[in-house]
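Q: next come a sequence and a model predicted from it.
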Amino acid sequence: MSHTPSMRTVLSCSLLVVVAGAGATGCNGPEGHPLSARPYDAAGQITFNGPGDDRKAPLDRPLEVTSKDGGGRITDVTAVDEAGHYLAGELAADGSRWRSTGPLAAEARYTVRIATENGDGAPGVRVLTFETAAARQRMKVEFGPEPGTYGVGQPLTAALSHPVTTKEGRAAVERGLKVRSTPAVTGAWHWVDDKQLHYRPKEYWPAGTRINLTSNLAGVRVAKGVYGTPTDPLVLTIGDRVEAVTDAAAHQMVFKRNGKVINTIPVTTGKPGFSTRNGTKVVLEKQYFVRMRSTTVGIAEGSSESYDLPVYYATRVTWSGEYVHAAPWSVGSQGYANVSHGCVGMSTGNAAWFFENIRRGDLVTVVNSIGQDMAPFGNGFGDWNLPWDEWRQGSAVLGGTRDGATPADGARLRPRAA
């Protein structure tokens, strides 16, 4: 990190808790040049505005380091906590004062290094450590999905226990959530709402990728009075690239693995009034048996459209009830007509094969349906229906930047249709 005389990404210590590494005045080096001298102990040259003794630094007050009258000037202040968080600060042009401009981390232990020089240009140094107070409100982060192996379309999710509404707070959250993958990919976080964000790559995850998601938010301020807490890391692996593309007009599904077509299946999709959603969906879960009732989606019992059916080999792609499943009652229409209430139906044999060859995170796409489009959020994972440029605009860090440029490092409903 580079520093300038007027701005330091550092932390000042207003607290004198432990003094360490203070050097004594040394003799000048060759030719007596002041800069060759061993730094002297600058304790008598500077003052701090924080409490001493064993008290801890309050989180809501800026810290200051001030040069005493006639004591020379401050040339640099750096401070970092044990988690690697730096505190932003501003140093006066004349070196008379340094003042923190960023928030302290809660329940953190900082090491602060203050560099000075006296009127003769000889360097001084003071190294201090101190601790900060506990947070009054703590924000938990829950990662998703659970550890395991997923398809190439699986987004990462982070659910927050407290809302974060400001751009600064959201940027702090994004920077504290670290996604590392092998192989490395270009990706970004996108805020779904004030308490939920998703991460996806620019393109689908490469097959065989290993993903590690960690949080560095412990003690970090994300909203007024709200600080992050530790979060267990999440490790995922990505399986083969599996894509199932259903053409509603052609009444067939093409199933591909790693780019190669391995099966073509006759299907039926949603009839007029119940059309299957167009767009790319991500497999949410698999259920061997589901009881599908029309009353759960607002169709009156006893009406001409009502149903109550046992359904097998059900692969769910939306929370509102779209599945790929066995539909032995419509085999005569499969490959010829769309007669379902929104699901993709196929024979029991084909559904069993599909069920065995699909996993969570795999891609299920529908094209040429007369229905509405899959929403990006709120009804499953429609994340891939947002173009990359639009996705990036949902990031507090990358929004408004060029692609590749980084300024710094829904409710679940019951089954819908048969």
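A: Ah, there it is.
Q: list the buried ones in stretch 251-264?
A: Neighbour-count burial for stretch 251-264 flags 251-257 (criterion: 16 or more other Cβ atoms under 10 Å). Heads up, the C-betas are built off the backbone N, CA and C, glycines and all.
Q: can you pull out the strands in the stretch 101-250 of the chain?
A: 109-117, 123-131, 137-139, 141-144, 148-150, 156-160, 177-182, 187-193, 196-201, 210-215, 221-223, 226-228, 234-238, 242-247 (DSSP state E, counting those that start in this stretch).
Q: ok, the stretch 301-418 of the chain next?
A: For the stretch 301-418 of the chain, the strands defined by DSSP E, counting those that start in this stretch occupy 308-316, 323-326, 344-346, 363-367.
Q: of the buried residues of stretch 251-264, which belong to strands?
A: 252-257 (DSSP state E).
Q: tell me if I'm right that residue 355 and residue 315 touch.
A: Yes - here residue 355 reaches residue 315: they are 6.1 Å apart, a contact under Cβ atoms under 8 Å.
Q: find the residues that touch each one of these two.
A: Common neighbours of residue 355 and residue 315, using Cβ atoms under 8 Å, 6 or more residues apart in numbering, are residue 286.
Q: quick one, which of the two is more surrounded?
A: residue 315 (24 against 18; other Cβ atoms under 10 Å).
Q: okay, the more buried one: pLDDT?
A: For residue 315, the model assigns a pLDDT of 98.
Q: please apply the same query to the one 5 residues further on.
A: Reported pLDDT at residue 320 in the predicted model: 92.
Q: for it, give its distance to residue 301.
A: According to Cβ to Cβ, to the nearest Å, residue 320 and residue 301 sit 19 Å apart.
Q: those two: which has the busier surroundings?
A: Neighbours were counted for residue 320 and for residue 301 using other Cβ under 10 Å; residue 320 has more, 21 against 10.
Q: hmm, that one is touching residue 382, no?
A: No - taking contacts as Cβ under 8 Å, residue 320 lies outside contact range of residue 382: 11.4 Å.
Q: tell me the one among the buried residues of stretch 251-264 nearest to residue 130.
A: residue 257 (57.4 Å; Cβ to Cβ).
Q: specify the beta-bridge partners of the closest one.
A: Residues in a beta bridge with residue 257, per DSSP bridges, are residue 242, residue 260.
Q: contacting residues for it?
A: Per Cβ under 8 Å, 6+ apart, neighbours of residue 257: 240-242, 357.
Q: what's the most distant pair in those?
A: Farthest pair in the contacts of residue 257, by Cβ to Cβ: 241 and 357, 12.7 Å.
Q: more crowded one of the two?
A: Higher neighbour count among residue 241 and residue 357: residue 241, with 20 against 15, using other Cβ under 10 Å.
Q: and the pLDDT for the closest residue to residue 233 other than its chain neighbours?
A: Distance criterion Cβ to Cβ, 6 or more residues apart in numbering; nearest residue to residue 233, sequence neighbours excluded, is residue 214 at 4.5 Å. Per-residue pLDDT puts residue 214 at 97.
Q: okay, residue 214 and residue 158: tell me how far apart.
A: 11 Å.
Q: now do residue 40
A: For residue 40 relative to residue 158 (Cβ to Cβ), the value is 48 Å.
Q: the two - which one has more neighbours?
A: Legend: neighbour count by other Cβ under 10 Å for residue 40 and residue 158, higher for residue 158 (25 against 21).
Q: where does the stretch 301-418 of the chain dip in pLDDT?
A: 304, 404-418 (pLDDT under 70).
Q: show me the helices in it, by range?
A: 348-357, 388-393 (DSSP state H, counting those that start in this stretch).
Q: test my guess that residue 396 contacts residue 188.
A: No - using Cβ under 8 Å as the test, residue 396 is too far from residue 188 to be in contact (10.3 Å).
Q: mutual contacts of those two, please.
A: Joint contacts of residue 396 and residue 188 (Cβ under 8 Å, 6+ apart) do not exist.
Q: gap between the closest residue to residue 287 other than its chain neighbours and residue 76?
A: Leaving aside its sequence neighbours, residue 287 sits nearest to residue 314 (Cβ to Cβ, 6+ apart; 4.7 Å). In this view, residue 314 and residue 76 are 64 Å apart by Cβ to Cβ.
Q: these two: which has the busier surroundings?
A: Neighbours per residue (other Cβ under 10 Å) separate residue 314 from residue 76, with residue 314 holding more: 21 against 17.
Q: dump the residue contacts of that one.
A: 286-290, 323-326, 355, 415.
Q: so residue 272 versus residue 323, what's the distance?
A: Taking Cβ to Cβ as the measure, residue 272 falls 20 Å from residue 323.
Q: higher neighbour count, these two?
A: residue 323 (30 against 8).
Q: closest to residue 278 among the ones in strands among the buried residues of stretch 251-264?
A: Taking these together and measuring to residue 278 by Cβ to Cβ, the closest member is residue 253, at 14.3 Å.
Q: tell me what that closest one is bridged to.
A: Counting by DSSP bridges, residue 253 forms beta bridges with residue 246, residue 265.
Q: check it and give its pLDDT.
A: Per-residue pLDDT puts residue 253 at 98.
Q: and it, how far from residue 347?
A: 12 Å.
Q: re earlier: any idea which of the contacts of residue 257 is closest to residue 167?
A: Nearest member of these to residue 167, counting by Cβ to Cβ, is residue 241, at 35.4 Å.
Q: what's the distance between the closest one and residue 259?
A: Look at residue 241 and residue 259: by Cβ to Cβ, they are 7 Å apart.
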